[in-house]
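**Student:** sequence first, then the predicted structure:
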Amino acid sequence: MDSANNRRLAARLQQLVFVGPATLFFTLIVIVPFLLSIYYAFTNWNGVTSTITWVGFDNYKQIIMEDEGFRTSFWFTARYTIAAVFFTNLVGFLLALLLTQALKTSNFLRTIFFLPNVIGGLLLGFIWSFIFVKGFAAVGELTNIGFFQLPWLGTSATAFWGIVIVTVWQLSGYLMVIYIAAIMNVPKELLEAARIDGATRLQLLRSIIVPLIMPAVTVCLFLTISWSFKVFDLNLSLTKGGPFGSTESVALNIYQEAFRNNRYGVGTAKALIFFIIVATITMLQVYFTKKKEVEA
Amino acid sequence: MKERIRYTPRLFGLEVLGLLIGLIFLIPFYFVGINSVKSFGDLLNNAAGWPAEFRLDNYTRVWDIMRFPRAFTNSFLITVFSNIGLIVISSMAAYRMVRNPSRFNMILLFLFVSAMVIPFQSIMIPLVKVASELNLMNSIWGLVIAYFGFGVSLNIFLFHGFIKSIPKEIEESAVVDGCSPYGVFWRIVFPLLKPMTVTIVLLNSLWIWNDFLLPLLFLYDPELRTIPLATYSFFGQYTKQWDLALAGLVMGITPIIIFFLLMQKHIIAGITAGSVKG
């Protein structure tokens, strides 16, 4: 039957026209490199010569047994992620609580708190390298407060907290926006009823607001965990991984391994380990916080 | 019955607290702005205070050294073209997946969405290889195509959620009137997607405009530098020249700040909508 054939052809064509382009670009840019990385991780590819030899698990052995730089960068990234996730969510949530009070300046303050977020990590890092080196020193001279007189980017401990401070400054405004939306969704009657029953502000917060905004917590934790794990721009422009490689993130370590040392094989093996860890942690987190979500 | 909230002393206290925190958030901008108009000597002696004299020649010098108009144009073209392409291909794909949920399309959707957990750094090394095989390196078009690949996941996901809420009846009457499937999509469905399209364009723009690592890997010709790349190489050359470096930073952040202030209502609404769906 001709018309049935034609219709099937037309349907095929539609599928191709509508879904084809997106699938093509996605396959070329994401899927093919992803599959290739699984292969390259088992080779000694250096990105220059065309001979690529299979080396089995050698890359992985080397990374786990010998590569101290990678271990340091992992340890740094893990500590950084914990600190950044905790403080950005805490500050973001507190700012949201503040701005959901009936303040006259709520909208104005929301703009200000969100503002750092629209600037890219690279430029933010440069801005803060000036603040830490010159700005804090100047304030320290004027006020004699010890906090401002620390050699911020000079020691590994202060450089670590320096990066955390910039992260909180950059990201808490974004989380604040999500938390504000969640807090506004808490039914007013519920809060009113609890207040009539004599609940204190702290009890309202702990027993009503926090449990009801758990979906927002799931989203915010997911976002901050994956952002902090992948941190790159900020490290590069603020500390360049220093002092002595103590603030080198995993992403920066992978980049250097491949594009500075030309060890593409080892680099892809690291990248694959990185992928597995990020995917596992974010999925576990979503699974566990989803269980805590409740209905109003 | 709407109860009016009284402006209590407690609220006033919180108001003051909020303004103080706001001030802390703005201080970095103050430092960078005020020092970008000082002479180098003035900056070293007095980084916190008001400038001895306002000098704009830091800016005129950096404008030329950074080749700011060039970098701005590159960033602008990359952002605009990536957005146009992404909106076209992802709205079409999402539409087809909603209206024709075959097994194949469902698997495809699952692939698009689950790829969002792949960190960019995990695939960047082979990506450079693939991109040079395909002749995408060192060209604005190549970079735009890479943004198509990285952007479709989130864009399809957001469009998919939105299209599901559009009743099918509107389209059916158009089909009866003899409209082709392409006509139905472009003339009837696409205009209805406008709120989501605005959200997606804003999210894409902030991401692409600020992105650093992908352009760093793709573009090596100085002519093609985007604003983050130009700032990066400029900082490499003028590390301790804070007077020039700060003027460069102010120029680098100004376009995106203006964009944010103009569009902030939509940006904040977009983030809220995007996160609730996510």
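**Tutor:** Thanks, I have the structure now.
**Student:** what's the closest non-adjacent residue to the residue in the stretch 101-250 of chain A that chain B sits nearest to?
**Tutor:** Evaluated by CB to the nearest CB, the stretch 101-250 of chain A has A:Gly120 as its residue closest to chain B, separated by 2.9 Å. C-beta coordinates here come from the backbone N, C-alpha and C atoms, glycine included. Excluding its sequence neighbours, the residue lying closest to A:Gly120 (CB to CB, 6 or more residues apart in numbering or on different chains) is B:Asn210, at 2.9 Å.
**Student:** state the distance from that neighbour to A:Pro116.
**Tutor:** 12 Å (CB to CB, to the nearest Å).
**Student:** one step back: residues contacting the residue nearest to A:Gly120?
**Tutor:** Contacts here follow CB atoms under 8 Å, 6 or more residues apart in numbering or on different chains; on that basis B:Asn210 touches A:Val118, A:Ile119, A:Gly120, A:Gly121, A:Leu122, A:Leu123, B:Pro228, B:Ile256.
**Student:** show me where the stretch 1-150 of chain B has its helices.
**Tutor:** Using DSSP state H, counting those that start in this stretch, the helices of the stretch 1-150 of chain B run over B:9-35, B:40-45, B:57-65, B:68-99, B:103-114, B:120-133, B:140-163.
**Student:** weakest of those by average pLDDT?
**Tutor:** Mean pLDDT is lowest for helix B:40-45 out of the helices of the stretch 1-150 of chain B, coming in at a mean of 78.
**Student:** same for the longest helix along chain A, what does it pack against?
**Tutor:** Scanning chain A for the helix with the most residues, using DSSP state H, yields helix A:68-99. On a contact count with 3 or more CB pairs under 8 Å, 6 or more residues apart in numbering or on different chains; DSSP states H and E, helix A:68-99 meets helix A:106-114, helix A:156-184, helix A:214-229, helix A:250-255, helix B:9-35.
**Student:** the helix or strand just after the second one near chain B at all?
**Tutor:** Towards the C-terminus, the helix or strand next in line after helix A:156-184, according to DSSP states H and E, is helix A:188-196. No: for a cut-off given as CB under 8 Å from any CB of the partner chain, helix A:188-196 has no contacts with chain B; the smallest distance is 9.4 Å.
**Student:** gap between helix A:188-196 and the chain center?
**Tutor:** Averaging C-alpha positions (CA atoms, centre = their mean, to the nearest Å) puts helix A:188-196 36 Å from its chain's average.
**Student:** elements contacting it?
**Tutor:** Looks like helix A:188-196 contacts helix A:201-204 (3+ CB pairs under 8 Å, 6+ apart).
**Student:** hmm, the helix it packs on touching chain B?
**Tutor:** No: Helix A:201-204 does not reach chain B (CB under 8 Å from any CB); its nearest approach is 10.1 Å.
**Student:** ok, residues contacting that helix?
**Tutor:** A:Leu191, A:Ala194, A:Arg195.
**Student:** try stretch B:72-89
**Tutor:** A:21-22, A:25, B:140-141, B:143-144, B:147-148, B:151-152, B:155, B:197, B:200-201, B:204-205, B:208-209, B:215, B:224-228, B:255.
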